[in-house]
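[1] no FASTA, just this:
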């Protein structure tokens, strides 16, 4: 999928960037950059788009996004309205070879070098890794000098030590670096992210991107590897999973809140994607 290329300017006194955000505007954009990104949502929730992956993110989640991998964090309305709830986002951007190619090629660093490659599919950190990594991210934000580099190395060593990585994108996803259609995909993803719980109007979506409906459908599939319909169904099912776990509404109410138009299609697509029924899913997680 094509996305907007961002150039992240490093402070001349630091070899990599680290910051803390309280508003989502820096992340509410379909984009990519050369730097790897480690992001921690101390407070924040919404829908994340990473490559061809669509998932909910919640407070406490932490993700490693590889170099040039397109991503977009669509925060829930409570963080975007006129009187928003403050978010708490910690983010680190660093280039794969900022500490030099010779250092990365040391035999002791093989696991970390492999991690850099694997991160091109996006990695959701485990609960264990998050517990160990969170204080190190705070330490990077609070300190200067060599300690910053040591803490980042510790973080990467923790993530690389995971026995099984939770990879986000499919194995067939291919990173596209062309930037000429960046605005088109950014507009499309923004529209989809804001309207997927309602009825998506293909004519309106195509018009916003300056294409005919048929051309847009072909273009979308060529970029993401899925039809627009498949993409929307996945978003709605994953939203339903989150609502089911909250256990605040009936399954039928959740069907419509997630964007499905009737209960039978909701039941069918939910089982196709998750392998179980909505009710059984809810009971198994209780």
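    Alright, I've got the coordinates. For clarity, every value in this text was computed on a predicted model and none was experimentally measured.

[2] what's the longest helix seen in the chain packed up against?
    Using DSSP state H, we find that the single longest helix of the chain is helix 228-246. Contact analysis of helix 228-246 by 3 or more C-beta pairs under 8 Å, 6 or more residues apart in numbering; DSSP states H and E lists strand 46-50, strand 53-57, helix 182-195, helix 213-224, helix 251-257, helix 263-274, helix 278-285 as its packing neighbours. From N, CA and C alone the C-beta is placed, and that goes for glycine too.

[3] go again using 6 Å as the cut-off
    Applying 3 or more C-beta pairs under 6 Å, 6 or more residues apart in numbering; DSSP states H and E, one finds that helix 228-246 contacts strand 53-57, helix 263-274, helix 278-285.

[4] out of these, flag the one nearest residue 29.
    When the helices and strands packed on helix 228-246 are compared by C-beta to C-beta, strand 53-57 sits nearest residue 29, at 15.6 Å.

[5] roughly how far out does that closest one sit from the chain middle?
    Taking C-alpha atoms, centre = their mean, to the nearest Å, one finds the center of strand 53-57 at 6 Å from the center of the full chain.

[6] what does that strand contact?
    The contact list for strand 53-57 (C-beta atoms under 6 Å, 6 or more residues apart in numbering) reads 41, 48, 168-169, 234-235, 238, 242.

[7] relative to helix 228-246, how tilted is it?
    Strand 53-57 runs at 20 degrees relative to helix 228-246, counting by axes from the mean of the first three to the mean of the last three C-alpha atoms, to 10 degrees.

[8] ok, then the element right after strand 53-57?
    Following strand 53-57 in sequence order, the next helix or strand is strand 62-65 (DSSP states H and E).

[9] the following helix or strand past that following strand to strand 53-57, inter-axis angle?
    Next helix or strand after strand 62-65 toward the C-terminus (DSSP H and E): strand 71-75. With the same axes, to 10 degrees as the basis, strand 71-75 and strand 53-57 are set at 40 degrees to each other.

[10] now tell me what touches strand 71-75 from outside.
    24, 27, 30, 46-50, 65, 189, 193.

[11] just stretch 265-285 next, same as before
    Contacts of stretch 265-285 (C-beta under 6 Å, 6+ apart): 233, 237, 244-245, 251, 255, 260.

[12] swap in 10 Å and give it another go.
    With C-beta atoms under 10 Å, 6 or more residues apart in numbering as the test, stretch 265-285 has contacts from 230, 233-234, 236-238, 240-241, 243-247, 250-252, 254-256, 258-260, 262-263.

[13] got any ranges where the stretch 51-200 of the chain has weak pLDDT?
    Counting by pLDDT under 70, the low-confidence segments of the stretch 51-200 of the chain come to 176-182.

[14] can you give me the helices in it?
    Taking DSSP state H, counting those that start in this stretch to define them, one finds helices in the stretch 51-200 of the chain at 101-104, 110-118, 127-142, 146-160, 182-195.

[15] so which of these gets nearest residue 88?
    Between the helices of the stretch 51-200 of the chain, helix 127-142 lies closest to residue 88; by C-beta to C-beta that is 11.2 Å.

[16] can you give me the buried ones in the closest one?
    129-130, 132-134, 136-140 (16 or more other C-beta atoms under 10 Å).

[17] can you add distance to residue 71 and give those back as TSV?
    TSV is the format used below for the buried residues of helix 127-142 (distance: C-beta to C-beta, whole Å):
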residue	distance to residue 71
129	19
130	18
132	23
133	19
134	20
136	22
137	18
138	23
139	25
140	21
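
[18] just send the helices and strands packed on helix 228-246 back as a markdown table, with mean neighbour count and distance to residue 15 too.
    Listed next are these as a markdown table, based on neighbours: other C-beta atoms under 10 Å; distance: least, C-beta to C-beta, whole Å:
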| stretch | mean neighbour count | distance to residue 15 |
| --- | --- | --- |
| strand 53-57 | 20 | 28 |
| helix 263-274 | 16 | 42 |
| helix 278-285 | 15 | 43 |
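
[19] nothing else from me, thank you.
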